[in-house]
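Asker: Here you go, sequence then predicted model.
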Amino acid sequence: MADVHSLTLFKAQPERSQALGAHLLDLAAVAVRDDGCLDYRVFQGSEDGDLWVVQARWISVAAQDDHFNQPHTLAFLDELPKLADEVDLYPLEPKRPTTEL
């Protein structure tokens with residue numbers, strides 16, 4: 001079974017970017033220890049400081065689903081409406097370069 005990859009984009013509410021970033025970094029510090037987490041990274045937009053991105057990789061869909069049900073994730077999701085106006089989750093499927101030209 002292939003690893004599960006995702007990108008989640010967050011657009012901070014006005015004047016809430018630093019608070020959103022702090023919450024995302026706190027979540028990441030715990031999420032990397034969740035069972036089945038292979039990678040969990042937080043990025044801030046270099047041109048738009050209100051844009052935050054989480055790149056995550058899990059060993060399976062079940063591990064990703066378990067992460068979303070952990071107390072630390074549920075606590076973050078409770079706070080999220082106060083921090084971000086937009087949230088978009090993009091499941092990703094890795095592709096290999098084509099060897100044929």
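Answerer: Received it, and whenever you're ready, just let me know what you need. None of the values given here were measured: they were computed from a predicted structure. Numbering: from 1, shown residues only.
Asker: quick one, strands of this protein?
Answerer: Assigned by DSSP state E, the chain shows strands spanning 4-12, 37-44, 51-58, 84-92.
Asker: orientation of the second one relative to strand 51-58 in degrees?
Answerer: Spelled out, that is strand 37-44. Here the directions of strand 37-44 and strand 51-58 differ by 170 degrees (axes from the mean of the first three to the mean of the last three C-alpha atoms, to 10 degrees).
Asker: Direction included, what does strand 37-44 pair up with?
Answerer: Counting by DSSP bridges, the strands paired with strand 37-44 are strand 51-58 (antiparallel).
Asker: So which residues make contact with the partner strand?
Answerer: Contact with strand 51-58 is made by 3-12, 17, 20-21, 24, 28, 31, 36-45, 64, 67, 84, as judged by C-beta atoms under 8 Å, 6 or more residues apart in numbering. C-betas here are computed from N, CA, C, even on glycine.
Asker: Just the buried ones from these?
Answerer: Buried residues within the contacts of strand 51-58, defined by neighbour count using 16 or more other C-beta atoms under 10 Å: 3-5, 8-12, 17, 20-21, 24, 31, 36-37, 40, 42, 44, 64, 67, 84.
Asker: sorry, back to before: mind putting the strands of the chain into TSV with mean pLDDT and distance to Thr99?
Answerer: Shown next, in TSV, are the strands of the chain (pLDDT from 0 to 100; distance: least, C-beta to C-beta, whole Å):
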stretch	mean pLDDT	distance to Thr99
strand 4-12	97	22
strand 37-44	98	26
strand 51-58	98	24
strand 84-92	96	21
